[in-house]
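K.L.:
I'd like to go over a predicted model; first the sequence, then the structure.
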Amino acid sequence: MVLMACDLFGGDLKEAIKPALAIEFFHNFTLIHDDIMDEAPLRRNKPTIHTLHGINTGILSGDGLMLKAYKFFEDLEPEIFKACVRIFTHTGLLLCEGQQYDINFETQEDVTFDDYIRMITYKTGVLSASSFEIGALIAKANFKDAKAIFNFGKHIGIAFQIMDDYLDVFGDQAQFGKKHAGDIYENKRPFFI
């Protein structure tokens, strides 16, 4: 998404490769920690890191990926670096907030559709949104265009998460790569249940 946005706004893809890796490393950090919190045995039909190597190694692996992600922004020119790291950090904070909502919803009886959308926006939507925005900033897109592509990315992330939650319940486990109905087993609350 970083590379697509950079290309869309006529930027140099070579400048966007490391920031794109930052997003990928960060995303994998979130998946490792999410698997630990959910006690998930599988991710993409493979045993999760903590299942193979223990919780401590899973936590350290995730932390290492997150810290390495920040290093991938270092080659950007100072003004772009500052803007990208600000967006990246804010995204991480919102993602943590979304994860906490997800945990809270496991014991909360009155989860509304709006609650669910806020949670998936923070957990998934903002990561794709910031990926597009970072790519646009590297390409030196104007503020209006960068915000527009951010909103586009946010809605792609929300749509992805709704489909992911649907497939968790109704999808083929062999294709989906996760424990069938694992979210329901963990008392997660997708909006259609």
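P.N.:
On my side now, so go ahead.
K.L.:
any weak-confidence spans in this structure?
P.N.:
171-193 (pLDDT under 70).
K.L.:
strands along that one, start to end?
P.N.:
42-43, 46-47 (DSSP state E).
K.L.:
quick one: terminal-to-terminal distance for stretch 35-55?
P.N.:
10 Å (Cα to Cα, to the nearest Å).
K.L.:
chain center to that stretch, what's the gap?
P.N.:
Centroid displacement of stretch 35-55 relative to its chain, using Cα atoms, centre = their mean, to the nearest Å, is 17 Å.
K.L.:
quick one, phi psi at the spatially closest residue to residue 85 that is not a sequence neighbour?
P.N.:
Among residues not flanking residue 85 along the chain, residue 73 sits closest, at 5.5 Å (Cβ to Cβ, 6 or more residues apart in numbering). All C-beta atoms are positioned from the backbone trio N, CA, C, and that covers glycine. When quoted as degrees, to the nearest 10, the phi and psi of residue 73 stand at phi -90, psi -10.
K.L.:
buried stuff in stretch 27-41?
P.N.:
27, 28, 29, 30, 31, 32, 33, 34, 35, 36, 38, 40 (16 or more other Cβ atoms under 10 Å).
K.L.:
just give me the closest of these to residue 155.
P.N.:
residue 27 (18.0 Å; Cβ to Cβ).
K.L.:
okay, the strands of the chain, which one's buried deepest?
P.N.:
For the strands of the chain, the largest average neighbour count (mean count of other Cβ atoms under 10 Å) is found in strand 42-43, namely a mean of 18.
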